[in-house]
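Colleague: The following block contains a protein sequence and its predicted model.
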Amino acid sequence: MKLYEKYPIHLSNSLSGEKEKFESITPGFVGMYVCGPTVYNYVHLGNARTFLTFDTISRYFRFLEYKVRYVRNITDVGHLEGDVDEGEDKIGKKARLEQLEPMEIVKRYTEDFHSVMRQFNILPPSIEPSATGHIVEQINITKKLIDLGLAYEVNGSVYFDVKKYNQSHHYGILSGRNIEDLMESGRDLDSQDEKREKIDFALWKKASPQHIMRWPSPWGEGFPGWHIECTVMSTKYLGETFDLHGGGMDLKFPHHECEIAQATGANGKTPVKYWIHSNMLTVNGQKMSKSLGNSFLPSELFSGSHALLQKGYSPMTVRFFMLQSHYSSTLDFSNDALNAAEKGFKKISNSLSFIKKMTQPISSLKSQLSSNGLDLTNNMERMIKSCYETMSDDFNTAKLIATLFEMSSTINRIKDGVLFTDQIDTATFNDFKSTYIGMMEEVLGLKEETGGNNDLLDGTINVLINLRKKVRTDKNFALSDKIRDDLKAIGIQLKDGKDGEMSYEIES
RNA sequence: GGUCUCGUGGCCGAGUGGCUAGGCUGAGCUCUGCAAAAGCUCCUACAGCGGUUCGAAUCCGCUCGAGACCUCCA
C-alpha cells in the first residue's frame, strides 16, 4: 500500500470552490503546472511565497510516493502592459529602457530568480520551459482557434472571441463571473477598436516597427499574447487534461480564465482537474505588489537592509514563517512576526539535530511496555499520524508545524532524561524519528542552518570546549566563564549539558 | 458600482457545531557553580447584534470594519 492510499489528499479546488478528494488521472502519477515568473524584474517576496507553496505541495506529493512531473514556466515574452493596442510587452519595454538585448534582460532576471529559489531551498521543477522556446506551438494553437471560429484576425493581430466561446462554454467558470457583467463592468479603454468586444484578449499581437521582440507568423511579424504560452506549455508537457494547476490568486482572472477558454476551445475538453490558488503576502494589511511599491526583495530581507526591517532574517526563517500560515490565507509581514518565527524555527531546528543523533540502545516491544511506556508510544503514534493527516488535509503546513512542536517537546524530554527511549516501542521510535526528519526536511524543506560551519571551525571550537571542561572540573569558574563569554561575544553560544557534555551554536 | 474573501487572546496564526491548536511575548518554578538551552505551571480568545440548535467562536441573517479581484501583478 502506497502512502497516498493510506493518507489520501483532500484539497480545496478553486474550480469547484469545494474541498475534494484528490484522485490523479493516472494512478500513482501527478502532473502539475504552475505559472512561473515573468522575468522582467527581480522576484519579490510575494512571488516567492507562491513558488514556496507549490514547492511544498509537490514535495508532499512525492513524499506520499506519487511520481510527480512538475512544470513551471519562465515567461520571457508576450506579457502585455495594459490591454491596449499600443500594448508593449514587458521584456521588450525593459530592454528598451535599459538599452539591452531582450535576452540579456531575460538572462539576468532568470538567474536572479533561480538564485532566490535556491536560497529558499525551493526545488527546481521537472521541466522549466520558456515562452520564447514555444513560439511555433503558440502560432499553431492560434491557427487552430481561428479555424474553429473561436478567434479572429485584425490588422496582423489575433484575438480570442470570448462571446463566441461563451455560446457553448462558460467563460468565467473559474472566477465566478458571467460574460454580461464583464462586458458591462470592464473599463472603457481607448484604442481597442480592433477587438470586437472589450473582453476579447490577444493571442497574437502585431509588432510595431520599433518593437524589438518579433517573430514571423501567418499574420505578419509579431509576438504572442500573454495567456497562450501557459496553455501551450502545459498541454505539451502534461497533456490536454492534467491534474493540477497552480498560481497566485491574482492570476485567477483573467489569466487562468483565459487559459481555460483557450484550451477548452482548442481541445474540446477541460484542461485541468484541480486548481489551486495561493493567497497574497501583505504588508501592513495591503497586498505586496510591484505596482504598489511596497514589495520586498528577498535579498533585502536576508540582509535587513529594507527600511521597514529592524534586522535581517535567514532564508530558512522566512521559509518557516511563511509555512506557519495556510497557503490560502493572506499572510501579513512584520518584524514581530518574523522575530517570533526566528525563535520558533530555532527551537524545532535544534530538536532536528538532536533526533538525528538519537538512537535506541535497547529495543523494546509494545507488548512488553509498562503502562507509562505504552502511553508514550501511543502518543508518539498519534503525532506521526497527525503529521500525515494534517498535510493530506489541504496541505495544512501550519497545523503540521504545531504537531512538530509537540514532537519537538517529546524529543527534548528524551534528551533531558525526563523520558526514556527504552519505554518506547522500537518500531514506533524509528517511525517517529523518520517522520520528524522527513516532515522537516523533505516536506517542509527546512534544513538546519549551520551559519557557515565547517570542519576547521568545528575542530577549533572543540579544542576550546575541551579546555573549558578541564577548567570547570578544576572549579576555575572565572576562566571557564571567560571562555564562554568571549566566544559569545563573537557569536558562538556554548551550552553546558547535564552530563557535562557541551555543545555550541553559531548565532546569526 | 459589480463579484468575492476575511475579522480569533499582548503579537503571529490553525481549527472545529459540544472534547481549551501551536509559536512568540509576559509571570513563576525546576535543573544548572553561574549562564544558555530545556522541562513544568499560569495568562482560556474567537468584531457587534439577532436567529437556528439541547448546545455556536464554528450554521443563517443583518450591522460595522479590513482586504482582494473586476486593469499589469505570484
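Modeller: Structure received. Numbering: from 1, shown residues only, chains lettered A, B, ... in the order given.
Colleague: Give me the nearest residue to A:Asp55, chain neighbours excluded.
Modeller: Spatial nearest neighbour of A:Asp55, chain neighbours left out: A:Ile122 (4.3 Å); criterion: Cβ to Cβ, 6 or more residues apart in numbering. In short, each C-beta sits where N, CA and C put it, glycine included.
Colleague: quick one: the strands in the stretch 301-450 of chain A?
Modeller: A:331-333 (DSSP state E, counting those that start in this stretch).
Colleague: if you skip the residues just before and after it, what's nearest to A:Ser363?
Modeller: Leaving aside its sequence neighbours, A:Ser363 sits nearest to A:Thr426 (Cβ to Cβ, 6+ apart; 4.1 Å).
Colleague: wait, that neighbour sits on A:Gln360?
Modeller: Yes - contact criterion Cβ atoms under 8 Å: A:Thr426 and A:Gln360 qualify, at 6.0 Å.
Colleague: State the mean pLDDT of stretch A:141-150.
Modeller: The average pLDDT within stretch A:141-150 is 96.
Colleague: ugh, typo on my part, it should be stretch A:114-124
Modeller: Per-residue scores along stretch A:114-124 average to 97.
Colleague: Do me a favour and get the end-to-end distance for it?
Modeller: 8 Å (Cα to Cα, to the nearest Å).
Colleague: which residues touch the residue of chain A found nearest RNA strand B?
Modeller: Among the residues of chain A, A:Gly248 lies closest to RNA strand B, at 1.7 Å counting by Cβ to the nearest atom of the strand. Counting by Cβ atoms under 8 Å, 6 or more residues apart in numbering, A:Gly248 touches A:Cys35, A:Gly46, A:Asn47, A:Thr50, A:His277, A:Ser278, A:Met280.
Colleague: next one: A:Ala95
Modeller: By Cβ under 8 Å, 6+ apart, the neighbours of A:Ala95 are A:Glu101, A:Pro102, A:Glu104, A:Ile105, A:Ile212, A:Met213.
Colleague: how much space is there between it and A:Glu101?
Modeller: 6 Å (Cβ to Cβ, to the nearest Å).
Colleague: pLDDT-wise, which helix or strand of chain A ranks last?
Modeller: helix A:179-185 (a mean of 78; mean pLDDT, DSSP states H and E).
Colleague: Same question for it: list its buried residues.
Modeller: Under the neighbour-count criterion of 16 or more other Cβ atoms under 10 Å, helix A:179-185 has A:Ile179, A:Leu182 buried.
Colleague: do stretch A:233-248 as well
Modeller: A:Met233, A:Ser234, A:Thr235, A:Tyr237, A:Leu238, A:Phe242, A:Asp243, A:Leu244, A:His245, A:Gly246, A:Gly247, A:Gly248.
Colleague: So the fourth one sits against A:Tyr70, correct?
Modeller: What it means is A:Tyr237. No - look at A:Tyr237 against A:Tyr70 with Cβ under 8 Å: they stay out of range, at 9.9 Å.
Colleague: Count the neighbours of the residue nearest to A:Ser363 for me.
Modeller: 16 (other Cβ atoms under 10 Å).
Colleague: Which residues are in contact with it?
Modeller: Counting by Cβ under 8 Å, 6+ apart, A:Thr426 touches A:Gln360, A:Ser363, A:Ser364, A:Leu365.
Colleague: and the last one, what pLDDT?
Modeller: Predicted confidence (pLDDT) for A:Leu365: 91.
Colleague: Kindly report the same for the first one.
Modeller: Listed pLDDT for A:Gln360 reads 90.
Colleague: So which of the buried residues of stretch A:233-248 belong to strands?
Modeller: A:Phe242, A:Asp243, A:Leu244, A:His245, A:Gly246, A:Gly247, A:Gly248 (DSSP state E).
Colleague: Just to check, the third one is in contact with A:Tyr33?
Modeller: Yes - shown here, A:Leu244 and A:Tyr33 form a contact pair, counting by Cβ under 8 Å, at 7.3 Å.
Colleague: now the contacts of A:Thr426 as JSON lines including distance to A:Phe333 and neighbour count?
Modeller: Shown next, in JSON lines, are the contacts of A:Thr426 (distance: Cβ to Cβ, whole Å; neighbours: other Cβ atoms under 10 Å):
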{"residue": "A:Gln360", "distance to A:Phe333": "42", "neighbour count": "16"}
{"residue": "A:Ser363", "distance to A:Phe333": "47", "neighbour count": "13"}
{"residue": "A:Ser364", "distance to A:Phe333": "47", "neighbour count": "21"}
{"residue": "A:Leu365", "distance to A:Phe333": "50", "neighbour count": "9"}
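Colleague: and of these, the nearest to A:Ala398?
Modeller: A:Ala398 has its nearest neighbour among the contacts of A:Thr426 in A:Gln360, at 30.8 Å by Cβ to Cβ.
Colleague: Please tell me how far stretch A:354-366 is from the chain's geometric centre.
Modeller: Computed by Cα atoms, centre = their mean, to the nearest Å, the chain-centroid distance of stretch A:354-366 equals 34 Å.
Colleague: which outside residues touch it?
Modeller: A:373-374, A:377, A:411-412, A:414-415, A:421-430, A:433, A:436-437.
Colleague: For ChimeraX, write the selection for the buried entries among those residues.
Modeller: Listed next is the ChimeraX selection for buried residues among those, using 16+ other Cβ under 10 Å:
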select /A:373,374,377,411,412,414,415,421,423,424,425,426,428,429,433,436
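Colleague: coming back round to it: among the contacts of A:Gly248, which are in reach of RNA strand B?
Modeller: A:Cys35, A:Gly46, A:Asn47, A:Thr50, A:Ser278, A:Met280 (Cβ under 7 Å from any atom of the strand).
Colleague: Make CSV out of those and add neighbour count.
Modeller: Formatted as CSV, the ones next to RNA strand B among the contacts of A:Gly248 follow (neighbours: other Cβ atoms under 10 Å):
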residue, neighbour count
A:Cys35, 24
A:Gly46, 23
A:Asn47, 23
A:Thr50, 26
A:Ser278, 25
A:Met280, 18
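Colleague: In helices, which of those residues appear?
Modeller: A:Gly46, A:Asn47, A:Thr50 (DSSP state H).
Colleague: got a pLDDT number for the first one?
Modeller: The pLDDT attached to A:Gly46 in the predicted structure is 93.
Colleague: who touches it in this structure?
Modeller: Contacts of A:Gly46 by Cβ under 8 Å, 6+ apart are A:Gly248, A:Met280, A:Leu281, A:Lys287, A:Met288, A:Ser289, A:Ser295.
Colleague: What of the last one?
Modeller: By Cβ under 8 Å, 6+ apart, A:Thr50 lies in contact with A:Val34, A:Gly246, A:Gly247, A:Gly248, A:Ser278.
Colleague: Could you measure from the residue nearest to A:Phe345 when sequence neighbours are not counted over to A:Ser329?
Modeller: In this structure, A:Phe345 finds its nearest non-sequential neighbour in A:Phe320, 4.1 Å apart by Cβ to Cβ, 6+ apart. A:Phe320 sits 16 Å away from A:Ser329, going by Cβ to Cβ.
Colleague: neighbour count winner among those two?
Modeller: A:Phe320 (24 against 11).
Colleague: Touching, the more buried one and A:Lys347? I think so.
Modeller: No - the criterion here is Cβ under 8 Å, and A:Phe320 misses it with A:Lys347 at 10.4 Å.
Colleague: Identify the contacts common to A:Leu244 and A:Tyr33.
Modeller: A:Val272.
Colleague: Domain boundaries for chain A, per the record?
Modeller: A:3-278, A:298-443, A:455-506 (automatic domain parsing).
Colleague: Can you name the residues of the stretch 401-508 of chain A sitting close to RNA strand B?
Modeller: So far as Cβ under 7 Å from any atom of the strand goes, the stretch 401-508 of chain A lies against RNA strand B at A:401-402, A:405-406, A:408-409, A:412-413, A:415-416, A:418, A:472, A:477, A:480-481, A:484, A:493-498.
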